[in-house]
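Undergrad: Predicted model and sequence below, questions to follow.
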Amino acid sequence: MKKGILVVLIIIVMTGGVSFADSIDMSQMDAIFKEFDEFSSTEKSKYYEMIEGAMDSDESLEGLAKNLSFLLSESQMEKLEKKGYSISEVRSNIRKLKTWSRDDRMTLVDAFRSKNREKLNDLNRVNAKGSLQASSGLIEESMIVFTEAQTIAFQHGLRYLAIQTLAEIPEFDDLDDHWSKNEVIELASIGIINGKRKGAFYPDDYISRIEILAILTRISVYDDSKLAEGEIQCDESLWYYKPLKRATRLGMIDSDLEDHLMVLATREEVVADMMKAYAAFEFESSEPLHLQTFKDENQIKPKNREAFRQAVALGFVQGWHGELKPTDPITRAEAAVMANRFYKKIIAMQGIGE
């Protein structure tokens, strides 16, 4: 029963782009109506009741999205794929219904029950007006009232909304007793980092600078098309092409540093990269802290000293037993913890943090 109705609900919300407007495939709708007509009246009643339950709250919609791969049969998954839809796209479009009011979601159910195609299209158009749109550099008709910081980030293609948690959160066997476990899992749960192999994170391995840039730019960038123009000398087939391109356009690195980025990152390089990414958001500056309380503060290169002062003030860096160890390589665990603090901070600075 549940699987049957899920297929109906899935195709209701199977739309592309950033809104629902004029996006329902009526040929698919007709196919669903035909299939639905074959159900008994008792089955139909139960199915509609289940749809209403899914539409009742954001939490129930999120539960549907997260459990989709467990609730659908293999044959149903194959049908979706043949229509050109991936499970991730289906989840994304189910979550778009969260922008609808509860009343509109219930009206959607009624429109399906009565096979009222005109009402379905009207609902799509009305709710599409609340989609994020940019006009003359401003957000118009948004269903979300943006803070000034969110507006700036949106205009620049930067992160302006929290990242959705993955439906299936990775598990790492080598983190059970590790000091970094909670923060690593937090970042892994939103798809920013992953293990070296399935089930293993290798927290104490060192990390390269290009991997750091990949993490920071995944957090920072929301829309690549809005970043500043500029070309880089890098083969597009390489896995690090996108993070290198993003980092260059954000002013985090020079495009001719590709070879240097393959080496292990030092703590001060990570701090410098992080503060450049943070600066792109144009947040109000924090009062930098003096570093005399750290025994090795004189080891920081002059060009990175201000970045360290800002990073300590913002809580990205807390030191290790009274030391900063700026020239030491950084582990995957340490990098993940710093990146998680960075993510939480840029979200909190926009008024949408936890």
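TA: The structure has been received and is ready for your questions. This is a predicted model, so every value here is computed, not measured.

Undergrad: top helix in the chain by residue count?
TA: When the chain is parsed with DSSP state H, its longest helix is helix 332-348.

Undergrad: Which positions within it qualify as buried?
TA: 332-347 (16 or more other Cβ atoms under 10 Å). All C-beta atoms are positioned from the backbone trio N, CA, C, and that covers glycine.

Undergrad: and which of those residues is nearest to Ala162?
TA: Ile347 (5.5 Å; Cβ to Cβ).

Undergrad: That closest one contacts Tyr160, doesn't it?
TA: No. If you go by Cβ atoms under 8 Å, Ile347 and Tyr160 don't touch, sitting 9.3 Å apart.

Undergrad: Give the burial count for Gln299, as a bare number.
TA: Residues lying near Gln299 (other Cβ atoms under 10 Å) number 14.

Undergrad: Show the contacting residues for the closest residue to it other than its chain neighbours.
TA: Using Cβ to Cβ, 6 or more residues apart in numbering and skipping the chain neighbours, the partner closest in space to Gln299 is Pro326 (5.3 Å). Contacts of Pro326 were listed using Cβ atoms under 8 Å, 6 or more residues apart in numbering, and they are 266-268, 271, 296, 299-301, 304, 308.

Undergrad: Repeat that for Gly319.
TA: Contact analysis of Gly319 by Cβ under 8 Å, 6+ apart lists 294, 312.

Undergrad: per-residue pLDDT, it?
TA: We have a pLDDT of 85 for Gly319.

Undergrad: what about it, distance to Ile152?
TA: 31 Å (Cβ to Cβ, to the nearest Å).

Undergrad: cool, and Leu289?
TA: As judged by Cβ to Cβ, Leu289 and Ile152 stand 25 Å apart.

Undergrad: Show me which of the two is the more surrounded one.
TA: Remark: of Leu289 and Ile152, Ile152 carries more neighbours, 17 against 14, as counted by other Cβ under 10 Å.

Undergrad: what about the more buried one, is that helix, strand or coil?
TA: Assigned by DSSP: H, G, I helix; E, B strand; the rest coil, the conformation of Ile152 is helix.

Undergrad: Quick check, it in contact with Phe281.
TA: Yes. At 7.1 Å, Ile152 counts as touching Phe281 under the criterion of Cβ under 8 Å.

Undergrad: hey, which helix or strand in the chain has the poorest pLDDT?
TA: Lowest by mean pLDDT, DSSP states H and E among the helices and strands of the chain is strand 134-135, with a mean of 35.

Undergrad: Can I get the longest helix of the chain in PDB? Just the C-alpha atoms.
TA: Output of helix 332-348 as PDB, limited to C-alpha atoms (Å, rounded to 0.1, in the frame of the first residue of the first chain):
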ATOM      1  CA  ARG A 332      41.900  15.000   8.200                       C
ATOM      2  CA  ALA A 333      40.200  15.100  11.600                       C
ATOM      3  CA  GLU A 334      41.600  18.500  12.500                       C
ATOM      4  CA  ALA A 335      40.700  19.900   9.100                       C
ATOM      5  CA  ALA A 336      37.100  18.600   9.400                       C
ATOM      6  CA  VAL A 337      36.700  20.100  12.900                       C
ATOM      7  CA  MET A 338      37.900  23.500  11.700                       C
ATOM      8  CA  ALA A 339      35.700  23.300   8.600                       C
ATOM      9  CA  ASN A 340      32.700  22.400  10.600                       C
ATOM     10  CA  ARG A 341      33.300  25.400  12.900                       C
ATOM     11  CA  PHE A 342      33.600  27.500   9.700                       C
ATOM     12  CA  TYR A 343      30.300  26.200   8.300                       C
ATOM     13  CA  LYS A 344      28.400  26.800  11.500                       C
ATOM     14  CA  LYS A 345      29.800  30.300  11.800                       C
ATOM     15  CA  ILE A 346      28.800  31.500   8.300                       C
ATOM     16  CA  ILE A 347      25.300  30.100   8.800                       C
ATOM     17  CA  ALA A 348      25.000  31.700  12.200                       C
END
